[in-house]
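# Provided below are the primary sequence and the corresponding predicted coordinates.
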Amino acid sequence: MPKLGSRGFTLVEMLVVLGAVGVLFVIGFPKVRTAMMKANVRSARSAVITLYNQARNRAVREGRSMTLNFSSTNAWVTGSPRRAAGGSTCGCDTVGTIQNLGSIYGVTVTATPATFQIDPRGLGTQPSGAGTAILLARAGYQDSVYIYGYGRISK
């Protein structure tokens, strides 16, 4: 029959376990944080590629030009000619939603040039075949996407 006072843990045992868990947390937290930042940058890259593919597919499907636009934190697609009631064909309209990559993934976006044009055939129409370089960065980690003038993507 066990003694009445022999159940449970002593205070010293609890402190040793908490100390060991604390040391593991201090060692592991920076690695987890780094992995999360890298994953966010890669996810932002995937979002840019997906947005480009959607713009290209939409250009072919709708038979009109699409432009992939970038700002310091956003990416969005515009289509031209404008599809307005009454058959107006001037200007352009935003197609889909504006992707706020800064708030979703915490990245900054640098694109040179800040737009990439896609013709109704789904081909890039950049002047002289130039492409667009998109740099995604967060806390010292960066990734890039290059869209060639004819539409091929390089990561």
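Noted; the coordinates are in hand.
# what's near enough to touch the closest residue to residue 117 other than its chain neighbours?
Closest residue to residue 117 in three dimensions, ignoring its sequence neighbours and counting by CB to CB, 6 or more residues apart in numbering: residue 125, at 4.6 Å. Any C-beta I mention is one placed from the backbone N, CA and C, and that applies to glycine too. Applying CB atoms under 8 Å, 6 or more residues apart in numbering, we find residue 125 in contact with 65, 117-119.
# If any of these are buried, give me the ChimeraX selection for them.
Typed into ChimeraX, the line below selects the buried ones among the contacts of residue 125, using 16 or more other CB atoms under 10 Å:
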select :65,117,118
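# Tell me how far residue 146 lies from residue 36.
Distance from residue 146 to residue 36, counting by CB to CB, to the nearest Å: 25 Å.
# roughly how far out does the helix or strand where residue 37 lies sit from the chain middle?
Element membership for residue 37, per DSSP states H and E: helix 11-62. Relative to the centre of its chain, helix 11-62 is centred 12 Å away, using CA atoms, centre = their mean, to the nearest Å.
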